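Asker: fold the following for me, if possible:
(chains A and B)
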There are 2 protein chains.
Amino acid sequence: MTQVLKVSSSSDPSATAGAIANGIRETGGSEIQVIGPRAVNQAVKAIAIARGYLAASGLDVYCTPAFATIRVGDDGEEKTAIQFVVRTRHGLRGGAWAGAGV
Amino acid sequence: MTQVLKVSSSSDPSATAGAIANGIRETGGSEIQVIGPRAVNQAVKAIAIARGYLAASGLDVYCTPAFATIRVGDDGEEKTAIQFVVRTRHGLRGGAWAGAGV
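Answerer: Predicted coordinates for the structure are as follows:
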């Protein structure tokens, strides 16, 4: 089961990158949910750092961003979030991609 | 040759998405360069929208973010940018990925 990381504008990109890398090593992927421009920025920096961490293991990380509507707070207010699905081309679940040479 | 799009905090995500989609259709990929959290956010929204545009053509878009050092202005001041490489799993250059089923 893929973990869902919630990243905020105050999240530390290196720590988030470590969590992304762990998620990929353990389950083959990570999902990141963010609301707001600064949180998006922290998530993107974390993904870029995680790419570096995992490249050392021969894993090539990519992500797909999408819009998502989520409910927050006690009153269930709807907000538009960005959801990044982070995976690897040579990952635990992505074996068929190995050797694609792209 | 892959185009390089420079996206700013005031770029319109839909228009940028159209440029990304054109780049992918014509050359198999797009590169986006951004500086600053709001520009990162606009680029991510544009990639999410472009995913929607291209999904209709059976193209599954993904991106890889990385840090880049670029020189700006007349004095060549160094700034850290985020560079997104946007590609597709079923793209013109990515034929080997088709059918990977991930």
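Asker: now the helix or strand harbouring residue A:24: mean pLDDT?
Answerer: Assessed by DSSP states H and E, residue A:24 sits inside helix A:13-27. Averaging pLDDT along helix A:13-27 gives 95.
Asker: elements contacting that helix?
Answerer: strand A:3-7, strand A:29-34, helix A:37-55, strand A:77-88 (3 or more CB pairs under 8 Å, 6 or more residues apart in numbering or on different chains; DSSP states H and E). C-beta coordinates here come from the backbone N, C-alpha and C atoms, glycine included.
Asker: contacts for it?
Answerer: For helix A:13-27, contacts defined as CB atoms under 8 Å, 6 or more residues apart in numbering or on different chains pick out A:1-3, A:5, A:7, A:29-30, A:32, A:42-43, A:45-47, A:49-50, A:52-54, A:57, A:59, A:61, A:86-88, A:91-92.
Asker: in that helix, what counts as buried?
Answerer: Buried residues in helix A:13-27, counted by 16 or more other CB atoms under 10 Å in any protein chain shown: A:13, A:16, A:17, A:19, A:20, A:21, A:23, A:24, A:25.
Asker: and of those residues, the nearest to residue B:68?
Answerer: residue A:13 (15.7 Å; CB to CB).
Asker: for residue B:81, which of the helices and strands packed on helix A:13-27 is the nearest?
Answerer: For the helices and strands packed on helix A:13-27, the distance to residue B:81 is smallest for helix A:37-55, at 10.9 Å, taking CB to CB.
Asker: tell me the one of the buried residues of helix A:13-27 nearest chain B?
Answerer: residue A:13 (10.5 Å; CB to the nearest CB).
Asker: please report phi then psi for residue A:67.
Answerer: Main-chain torsions, residue A:67, degrees, to the nearest 10: phi -80, psi 150.
Asker: turn the buried residues of helix A:13-27 into JSON lines, including distance to residue B:37.
Answerer: Below are the buried residues of helix A:13-27 laid out as JSON lines (distance: CB to CB, whole Å):
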{"residue": "A:13", "distance to residue B:37": "12"}
{"residue": "A:16", "distance to residue B:37": "15"}
{"residue": "A:17", "distance to residue B:37": "17"}
{"residue": "A:19", "distance to residue B:37": "20"}
{"residue": "A:20", "distance to residue B:37": "19"}
{"residue": "A:21", "distance to residue B:37": "23"}
{"residue": "A:23", "distance to residue B:37": "24"}
{"residue": "A:24", "distance to residue B:37": "25"}
{"residue": "A:25", "distance to residue B:37": "28"}
